[in-house]
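Visitor: Next input, structure requested:
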Amino acid sequence: MNRLLAKKMKLGTEFGALLPGHLTQVRDVAKIFVNTPDLLNHTGLGADELSYFRKSIQLVSILHDLGKANPYFQGMLSQEGRRITQPIRHEVVSDWILRKHEGIYRAVLKWIDLPNHENSIHDWKFVSLRVAILGHHLKFPGSDHGQGEEITIQTDHNDFKNSLRLLEELTGEEIKNFSVPPLIADYRWLDKNVKKDFRHSLVQSGLGEELSNEKGKYASLLRTFLLSMDSLGSVASETEEDWQHYRSVIQESIQGSDLTKTLKKMIDLRLEGRTPDPEINDFQIRVGKSEASVTIVEAGCGSGKTISSYLWAEKRNAKNFFLAYPTTATATQGYLDYGLLAPEASKLLHSRSTVDMELLANGEEENDEDTAAAMNAMDRIQKPFVLCTVDTILGVVQNYRSSAILFPKLLNGVAVFDEVHSYDDSLFQHLLEFLDAVSIPTLVMSASLQAHRKKEILNLLEKRGRSVQWIKGPEAYERRIRYRIRMREQLDEEVIWSALREGRKVLVIANQIKAARGYYEMLKEKAEKMGIEAKWFLYHARFEYQDRVERQQEIVSHFREGGAVCAVTTQIAEMSFDISADLLISEISDFPSIIQRLGRLNRYAKEGDPVKEAYFFKPKEVYPYTSEEITQAEEVLLELKDQDISQMDLAVQLNHLEGRKLQSSIVFAWQSLLSAKADQSLREPGYSIDCLRELHYEPRQRQPWSTLQKYLIPMPGNGIPPGLRKVRSAYLIPEEKIDYTKEKGGRWKDE
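Guide: Numbers count the residues shown, from 1 in each chain. As a prediction, the model looks like this:
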């Protein structure tokens, strides 16, 4: 087949796989972004920059993959592709063509209002194009694989010429065909002619190697938009008519839809059968009426914050609504509680959500997670109501491919960040970076915030000139006496037996999975010997994903029904876990986590209802907290000991505590213009890795990743057996290395 390919050719995907077809598709996505009202206005760019940004988006949509017109890339995609390596990545070749093809160079300069002068190559508008093209696969500068090969550009090929017709249509300039000097796949040649040249141009243009001004932000955003366009434009369309169908889907998804009826339906269904609380209703209405650019809600557990966020989105006439939770477990629970009320408009997005739309691969993917994100592009954008993990949104500042794909859709919507009090310092700094860069209507919700975090948010918003409204929760509700704090030296079993004999609901929370499992086994065994009838559940992160979702729903269901129940959990119970316990037994953690744990106790208390008891005791090991955090929390609890307290009492105590400061500065990947790598974590370092039990894996059956994701288990990385194989991002675990049951979850055999 004498055609230029942009993607691997598959049966029935000819148009989208060919270079002119792929560039047509990406160009069409660019047009959608440019023509969607208000979308680009929320980038925070000035009016002059926006004018050029619209032009640049369309330019890079056509220019970014021209470098695929070389024999090595084409050979890699052919049937013999496995035997051919690419000595220079195609985005480097595309950058070379932009600079060395005289016809393209002249047309580009004229389109962005630059003179055909030798100094124009260092103008910030031109260099921004290079930032986007070189960085759109997040691999540049990468490593060199060449052995001195000469890379010729197939400029005489009809498919290359047809690709240039797209540029002619855009710019209105006739582009004559010119030959392009070959590239040399030698590290010294590449260093001089590409890497050093690019670095020099960044400096000469005033952009700098790191984002330090508004023009640097322009270049970084252009790279993010190209990443999204390239992914969405990689739909495996068979014909041009077939692509028009997908194009309509993308356009409708980015533009969103009127969510007023959907949000009202979800609110009505969620409140169905509940007795209205006038004060909570008034609080929710106040949130809904906020017209500030950023609305910050500080209200305790059970005060109706989620409903208030729907009212807020309804009043903002949201077209796309993103509700971000701290973890996959909380996002899943949010979807089960709210998203399923309107499944036609809702989408659950996080690292375990299913993948069901295949896109074309270009053969260069080195990171399986990046490949999966690109393959998931169309599926990710199709619903206007998105419940997700906070990583889905904030990942854009670390150049996460999956986040970049959604970014233009987000810019045409509103965002809600829930449970912000649970963010570690790193995640909180990423939220600040996002608020600094993106001006979409934003709602930040928290049970309570430390004084220094409040100050950081307000100072940032004042600096950016963004209006802000801070709304406190319903005062009488927050002052309602709910808890009585008790202190013990160790786990008090007798209060558990007493509660279960009375048919009450008991929640036991440990700081580590090992401790939770130990308490569960010990308590359940003793209860059975004593003839105490109760439902018993162990709940933590190390279950296969589908089992974890099922376990969470079981606990919620049994806590809402009659009869004695005891759930032994870890910190996983602290957020978006809609249960109300009659008795809380907990190891001492840091104080913000203690507030969250108390939020599961006496959650639906009415005025005049009796208080319920919470027993705290010191853990045997401080991890995952620090000794200082445990000591600090213990001192506060001793102050509150044997007192009847409210959520407001807890908030007052939190405001008196100083937060832990970051030990080192955070590097935000999207601020780097020289290197486009997505290798920074949003969160503070953890020790979990994704694992897959071998019994679920059938290599001969080509199982979809979406199927395997259901069985992933986060396991501690410090105990992983050596020499394990990987499937995508997960380690394959032989059964003799892991102890797993549906009742207790997983642990290493030698743990």
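
Visitor: Now do the helices for the stretch 301-450 of the chain: every range, in order, please.
Guide: Ranges of helices within the stretch 301-450 of the chain are 305-315, 328-337, 368-375, 377-381, 390-394, 401-411, 425-437, based on DSSP state H, counting those that start in this stretch.

Visitor: the longest helix in the protein is where?
Guide: helix 214-232 (DSSP state H).

Visitor: can you tell me the average pLDDT over that one?
Guide: Average pLDDT, helix 214-232: 93.

Visitor: same deal with stretch 263-270?
Guide: 78.

Visitor: Pull out the buried residues from that stretch.
Guide: Neighbour counts over stretch 263-270 (16 or more other CB atoms under 10 Å) mark Leu263, Met266, Ile267, Arg270 as buried. Quick note: C-beta positions are derived from backbone N, CA and C, even for glycine.

Visitor: before we move on, what about stretch 739-751?
Guide: So for stretch 739-751, counting by 16+ other CB under 10 Å, buried means Tyr740, Lys744, Gly745, Gly746, Arg747, Trp748.

Visitor: mind putting the residues you listed in JSON lines, pLDDT included?
Guide: Formatted as JSON lines, the buried residues of stretch 739-751 follow (pLDDT from 0 to 100):
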{"residue": "Tyr740", "pLDDT": "96"}
{"residue": "Lys744", "pLDDT": "96"}
{"residue": "Gly745", "pLDDT": "95"}
{"residue": "Gly746", "pLDDT": "94"}
{"residue": "Arg747", "pLDDT": "92"}
{"residue": "Trp748", "pLDDT": "91"}
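
Visitor: between these, which is nearest Ile594?
Guide: Of all the buried residues of stretch 739-751, Gly745 has the smallest distance to Ile594: 24.3 Å, by CB to CB.

Visitor: you'd agree the closest one is up against Phe537?
Guide: No: counting by CB atoms under 8 Å, Phe537 is not a contact partner of Gly745; they are 11.2 Å apart.

Visitor: Identify the residues contacting Leu654.
Guide: Shown in contact with Leu654 (CB atoms under 8 Å, 6 or more residues apart in numbering): Ser448, Leu449, Gln450, Phe591, Pro592, Ile595.

Visitor: Could you tell me how far the third one is located from Ala651?
Guide: Gln450 is 10 Å from Ala651, where distance means CB to CB, to the nearest Å.

Visitor: The fifth one now?
Guide: When distance is defined by CB to CB, Pro592 is 11 Å away from Ala651.

Visitor: which neighbours do those two share?
Guide: Common neighbours of Pro592 and Ala651 (CB under 8 Å, 6+ apart) are Ser448.

Visitor: could you pull out the strands for the stretch 501-650 of the chain?
Guide: Secondary structure of the stretch 501-650 of the chain (DSSP state E, counting those that start in this stretch): strands at 505-509, 535-539, 565-569, 583-587, 612-617, 644-645.

Visitor: Lowest average confidence across those strands, which one?
Guide: Mean pLDDT is lowest for strand 644-645 out of the strands of the stretch 501-650 of the chain, coming in at a mean of 93.

Visitor: Name the helix or strand of this structure that has the lowest mean pLDDT.
Guide: Scoring the helices and strands of the chain by mean pLDDT, DSSP states H and E places helix 368-375 at the bottom, with a mean of 45.

Visitor: Poorly predicted segments of the stretch 401-550 of the chain, please.
Guide: For the stretch 401-550 of the chain, no stretch is flagged by pLDDT under 70.

Visitor: Spit out the contact partners of Asn116.
Guide: By CB under 8 Å, 6+ apart, the neighbours of Asn116 are Arg106, Leu109, Lys110.

Visitor: Show me the shaky parts of the stretch 201-350 of the chain.
Guide: Looking at the stretch 201-350 of the chain by pLDDT under 70, you get 209-212, 273-276, 328-350.

Visitor: show me what contacts Gly93?
Guide: I think there's a mix-up here, since residue 93 is Val and not Gly. Taking CB under 8 Å, 6+ apart, one finds Leu66, Gly67, Lys68, Asn70, Phe73, Ile151, Ile153, Leu183 in contact with Val93.

Visitor: Nice, that's everything, thank you.
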